[in-house]
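**Q** structure for the following, please:
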Amino acid sequence: MAAMKGEAERTERALVEQWRDMLALHARTQCELDRALHRHGLCASDFEVLEVLAEPGAPDGSCSYRVQEIAERVHLSQSALSRLIARLEKDGLVERGMCAEDRRGVRVALTGKGRALHGDVLPVQRAVLTRMLVRSDLSP
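**A** Prediction:
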């Protein structure tokens with residue numbers, strides 16, 4: 001009985017350690033992304049929203065997304081996302097418009113400037129992800 005309890009405790013400790021390692025990797029990667037993207041006037045969250053908007057084909061087939069659809073795909077609270085979209089709009093990277101199907105809803109789309117910046121910064125973001133996440137001990 002004591003051996004089973006000891007094994008369960010070791011398994012639990014290993015699980016918690018793995019979780020903490022994942023959190024630390026996320027934090028380090030987020031910091032590296034922020035540092036690299038700052039040179040382009042963006043942070044990691046800005047890029048995350050631009051990336052969603054740059055993907056072809058919103059669920060309804062348009063080139064714009066409802067704020068709620070973006071919120072389901074990014075790791076921000078609704079209020080933080082609203083502030084971020086307002087800032088991106090002020091910088092001329094996105095534009096907001098009313099939802100035709102729901103007058104209370106708001107749709108967001110990349111502007112030409114936003115699409116160009118996303119294209120310029122995409123290799124920078126991917127290089128950071130490669131450097132931080134593709135480790136030799138994880139490679140096949």
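**Q** neighbours of Ala109, how many?
**A** 16 (other CB atoms under 10 Å). Using the backbone N, CA and C atoms, a C-beta is placed for each residue, glycine as well.
**Q** not counting its neighbours along the chain, what's nearest it?
**A** Among residues not flanking Ala109 along the chain, Ser64 sits closest, at 3.7 Å (CB to CB, 6 or more residues apart in numbering).
**Q** any idea how far the one you found is from Ile85?
**A** For Ser64, the distance to Ile85 (CB to CB, to the nearest Å) stands at 12 Å.
**Q** what helix or strand is the most centrally placed residue in the chain on?
**A** Nearest to the centroid of the C-alpha atoms of the chain, with distances taken as CA atoms, centre = their mean, sits Glu48, at 3.5 Å. Assigned by DSSP states H and E, Glu48 falls within helix 44-54.
**Q** average pLDDT across that helix?
**A** Mean per-residue pLDDT for helix 44-54: 96.
**Q** how far out from the middle of the chain is that helix?
**A** 6 Å (CA atoms, centre = their mean, to the nearest Å).
**Q** ok, now how distant is Arg73 from Val67?
**A** The spacing between Arg73 and Val67, counted by CB to CB, is 11 Å.
**Q** cool, and Gly97?
**A** Distance of Gly97 to Val67, computed by CB to CB: 11 Å.
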